[in-house]
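S.K.: Sharing a model prediction with you, sequence too.
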Amino acid sequence: MAGHSKWAKVKHFKGALDAKRGKVFSKLSKEITIAAKIGGGDPGMNPRLRMVLLKCRAANMPSDNIDRAIKRGTGGDDSIHYEDLSYEVYGPGGVAILVEVSTDNRNRTAAEIRSLCTKHSGAIATAGAVSRLFHRKGQILVPRDAASEDDLMAIALDAGAEDFQAGPDGYEILTEPASFESVHKAIEAKGIKCPDAQIAFVPTTTVPVSAADAPAVIRLLEALDDHEDVKETHSNADLPDA
């Protein structure tokens, strides 16, 4: 997301952890189990598992929880059947939202996502209407107080980053998906911690959200994020500071 809105999401995620830490851990455990079942329990050989473990670290998820989830995924339990899907949504003010889910019942999940959208002034879009507004990029966020702009820019660009942007809250580094890990490792090798690092759907353009529409947009995004099958939501909303 453009401007400060991506940082607003990070701040909200951190602030919500204490309030619903159990639910966050439950969703992460599910992601770990699916990733381990598909690609094995070694993060060195399983890129999807590595991505989930980055989220676990940001959430301070206990290692015991992580180990149990990996064992469930690699334990040969054939009753675990999940598929990855995405839903394209229009929110208030013309905001575009791409919703990634993992579900064991696509009909149930589809009905529930549609119901959430209807309840919170959103609507399911036709296939391709929203996804065309995003491109898949490695995205790394670094707080302003974690590094100097010149030093961080040099590290990121030397490691193969595609773009570097400085904002009031911190720095956003974009990479091609294939370069994400090398750039992320180069930054952390210098002792610089990244509160949010993932391969994400980044909007090609953003939609300024009015102060009147912002509460409704936030309620829709929070409702989608809160659904047990939703892995990640991506939006092109540029939210006002207030």
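M.R.: Structure received.

S.K.: Can you show me the helices along this protein?
M.R.: With DSSP state H as the criterion, the chain has helices at 5-19, 21-39, 47-58, 63-74, 106-119, 149-158, 180-189, 214-226.

S.K.: Which one of those helices lies nearest to E83?
M.R.: Go through those one by one with C-beta to C-beta and the one that ends up closest to E83 is helix 106-119, at 6.5 Å. (Each C-beta comes from the backbone N, C-alpha and C, glycine too.)

S.K.: ok, back up a step: now the helices of the chain as JSON lines including distance to H234, mean pLDDT and mean neighbour count?
M.R.: Output for the helices of the chain, formatted as JSON lines (distance: least, C-beta to C-beta, whole Å; pLDDT from 0 to 100; neighbours: other C-beta atoms under 10 Å):
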{"stretch": "helix 5-19", "distance to H234": "10", "mean pLDDT": "53", "mean neighbour count": "16"}
{"stretch": "helix 21-39", "distance to H234": "16", "mean pLDDT": "88", "mean neighbour count": "19"}
{"stretch": "helix 47-58", "distance to H234": "14", "mean pLDDT": "90", "mean neighbour count": "19"}
{"stretch": "helix 63-74", "distance to H234": "24", "mean pLDDT": "93", "mean neighbour count": "16"}
{"stretch": "helix 106-119", "distance to H234": "14", "mean pLDDT": "96", "mean neighbour count": "15"}
{"stretch": "helix 149-158", "distance to H234": "22", "mean pLDDT": "96", "mean neighbour count": "15"}
{"stretch": "helix 180-189", "distance to H234": "16", "mean pLDDT": "95", "mean neighbour count": "18"}
{"stretch": "helix 214-226", "distance to H234": "10", "mean pLDDT": "93", "mean neighbour count": "19"}
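
S.K.: Relative to E172, which of those is closest?
M.R.: helix 5-19 (6.6 Å).

S.K.: any idea how the chain splits into domains?
M.R.: Following automatic domain parsing, one gets these domains for the chain: 5-74, 83-132+205-238, 134-203.

S.K.: Looking at the helices of the chain, spot the one closest to Y90.
M.R.: Among those, the nearest to Y90 by C-beta to C-beta is helix 106-119 (8.5 Å).
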